[in-house]
Structures are given as C-alpha cells and as structure tokens.
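> Structure, please.
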Amino acid sequence: MKKILLVPLAVMIIAALIFAGCAGGGGGGGGGEKVIDYSEAADHMGQTVTVCGPCVIVAVDAMAPLDPKPLIGVLGKLGGAEDFGSTNFMPGNMSFRLYEEMHGQLTDGGQEFVGKNICISGLTIEETPVGTIGGAVHDISQITVK
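Predicted coordinates:
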C-alpha cells in the first residue's frame, strides 16, 4: 500500500520541480528573465534582465546624432544639480533610452514615469557611449509602473 502512495507523490514532486524551473526562475521577469534592482545593473553587463527602480528624470538626449532625438531616462537617485548630466553619472544609477518608435506611445513625453517606481523588462544591459550603464527600450509594454 505504501508503494502505491509513494509513486504518485514522487510524480507530483518531480512535476512541481519541473514546473517551477520553467516558470521564470529569475524572480518573475516573464520568460525566465532575472529581476534586478537598478543599482545591480553593472553586475549584469550583456545580460537581458528586468530592471526595477525609481525613475528620477526623463529628458531629450540633445547630444545624440539622431533626429528626432531619443529620450533618456534614469533609474536611481537625483544628482546634486538635479539635471540629466549630474543624475546620469551618479554612482549606481542606470539610464534607459526611449527610441523614436516609442515617442508616439508616450502620453506625456516620458514624464509619466518620473517620480514612480518602474520595472523595464527585456533590457539588455550595456555600457553607453558616454561610459554609463544603460539599455534601450523599444516598446511601451516593456515598462510597468509598480
């Protein structure tokens, strides 16, 4: 009788372990993406992850050689002057670039995210041309407000 009960129990345990392994083992990023805090971004260079943190600023990247200019947002803490330059270079902060194809998807030019905790999924962490840590957002569905 004990063998009859143990076999279904063992099958259920194995099935539960397999299901847990397929369900996104990184903490709920969907599709298995790891969910990290913005301050950990530098430790995940080249990886595609979901990054969460407070959005402190969104501004036009006036230095970009593109037209229309992309928007740059920063997750982290405000810099001393509370402008894009000082904030972007704060230790631990992470930038995200909102490309042209996204502009029409924004309701307030990206300002709808400022002051809110957000998560950005599908973000590949890389070093930006100016030496900061960042990633590109191509669709509004990548950003969720917590």
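
> shaky segments in this protein?
Counting by pLDDT under 70, the chain has low-confidence residues at 1-32, 81-85.

> Would you mark the buried spots in the strand ranked longest in it?
Using DSSP state E to define each element, the chain has its longest strand at strand 48-60. Residues of strand 48-60 classed as buried: 48-59 (neighbour count, 16 or more other Cβ atoms under 10 Å). All C-beta spots, glycine's among them, are computed from the backbone N, C-alpha and C.

> Also stretch 118-135?
By neighbour count on 16+ other Cβ under 10 Å, the buried set for stretch 118-135 is 118-123, 125, 128, 132-135.

> want to throw those into TSV with distance to S86 and secondary structure?
Shown next, in TSV, are the buried residues of stretch 118-135 (distance: Cβ to Cβ, whole Å; DSSP: H, G, I helix; E, B strand; the rest coil):
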residue	distance to S86	secondary structure
I118	21	strand
C119	25	strand
I120	22	strand
S121	28	strand
G122	28	strand
L123	23	strand
I125	22	coil
T128	16	coil
T132	12	coil
I133	16	strand
G134	16	strand
G135	21	strand
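
> can you redo the residues you listed as JSON lines with distance to T107?
Rendered in JSON lines, the data for the buried residues of stretch 118-135 read as follows (distance: Cβ to Cβ, whole Å):
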{"residue": "I118", "distance to T107": "14"}
{"residue": "C119", "distance to T107": "18"}
{"residue": "I120", "distance to T107": "17"}
{"residue": "S121", "distance to T107": "19"}
{"residue": "G122", "distance to T107": "21"}
{"residue": "L123", "distance to T107": "21"}
{"residue": "I125", "distance to T107": "27"}
{"residue": "T128", "distance to T107": "26"}
{"residue": "T132", "distance to T107": "27"}
{"residue": "I133", "distance to T107": "27"}
{"residue": "G134", "distance to T107": "23"}
{"residue": "G135", "distance to T107": "22"}
